[in-house]
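Colleague: Dropping a prediction and its sequence here:
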Amino acid sequence: MSRLDLSKQFIPVRIAVLTVSDSRSFANDTSGDILAGRIEAAGHVLADRAIEPDDAGLIAGRLSGWIADPQIDVVVSTGGTGVTGRDVTPEAYARVLEKQIEGFGELFRMLSYQKIGTSTIQSRAIAGVANGTYLFALPGSTGAARDGWDDILVWQLDSRHSPCNFVELMPRLKEHLTS
């Protein structure tokens, strides 16, 4: 259930979109297009967008650059979360994450199960935090990009969502670095 407290101020966040694929380009990146369009329609800032091949080192490098960039609050990736030999996005995320948000993958698969049944078990969608930046990895299908945004991220990245949301926690994400 999603609830917005309209007495609270909406705070736009700066979001980078990463498509992980050996075959996509900006001309045919439909999942990246869906995410970029929904990010901007929700009132957030599309801070950057890139495509990386299914290579854990390149993916981790891109993520590390965005994590270090103070102009990026959130990274949403699409692709590379399956179980084939080339699917290495979760492994790349593991290289950079400080904390995992286990509930994201669990919730994504629960919601996905309602639409695609047991096929959702093939998804290794994950999320976490690194250096105060949220990172979310979604499967590469357009349906997964749409569902991940519409059913989870649009709400958790809205500062008005109650009873709680990721945006209100942003000022506290680096507490461990200042102690």
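Modeller: Cool, the structure landed. Residues are numbered from 1 along each chain as shown.
Colleague: just for this protein, where's the confidence low?
Modeller: For the chain, the stretches flagged by pLDDT under 70 are 1-2, 179.
Colleague: could you redo the last one with a cut-off of 90?
Modeller: The chain contains residues with pLDDT under 90 at 1-2, 174-179.
Colleague: next structured bit after the top helix by length along it?
Modeller: Longest among the helix segments of the chain by residue count, using DSSP state H, is helix 102-116. Toward the C-terminal end, the helix or strand that comes next after helix 102-116 (DSSP states H and E) is strand 126-130.
Colleague: Identify the residues contacting that following strand?
Modeller: By CB atoms under 8 Å, 6 or more residues apart in numbering, the residues outside strand 126-130 that reach it are 63, 67, 81, 90, 93, 96-101, 104-105, 134-137, 173. Just so you know, the C-beta spots here come from the backbone N, C-alpha and C atoms, and that holds for glycine as well.
Colleague: Output it as CSV, nothing but the C-alphas.
Modeller: Listed next in CSV are the C-alpha coordinates belonging to strand 126-130 (Å, rounded to 0.1, in the frame of the first residue of the first chain):
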residue,chain,number,x,y,z
ILE,A,126,19.3,-6.6,-5.4
ALA,A,127,19.9,-3.2,-3.7
GLY,A,128,22.1,-1.6,-1.2
VAL,A,129,24.0,1.5,-0.1
ALA,A,130,27.5,2.7,-0.7
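Colleague: From the contacts of strand 126-130, list just the buried residues.
Modeller: Neighbour counting over the contacts of strand 126-130 (16 or more other CB atoms under 10 Å) leaves 63, 67, 81, 90, 93, 96-97, 101, 104-105, 134-137, 173 as the buried ones.
Colleague: Now go through those and say which are in helices.
Modeller: Members of the buried ones among the contacts of strand 126-130 lying in helices (criterion: DSSP H): 63, 67, 90, 93, 96, 104-105.
Colleague: ok, which pair from these is furthest apart?
Modeller: Pairwise distances among those were taken by CB to CB; the largest, 19.4 Å, belongs to Ile67 and Gly105.
Colleague: for Trp149, what are its contacts?
Modeller: Contact partners of Trp149, counting by CB under 8 Å, 6+ apart, are 34-35, 38-39, 76.
Colleague: Between those residues, which sits nearest Ile121?
Modeller: Distances from Ile121 to the contacts of Trp149, taken by CB to CB, are shortest for Val76, at 22.0 Å.
Colleague: Beta-bridge partners for that closest one, please?
Modeller: With DSSP bridges applied, the residues forming beta bridges to Val76 are Val17, Phe136.
Colleague: What separation do you get for Ala92 and Gly82?
Modeller: Counting by CB to CB, to the nearest Å, the gap between Ala92 and Gly82 amounts to 14 Å.
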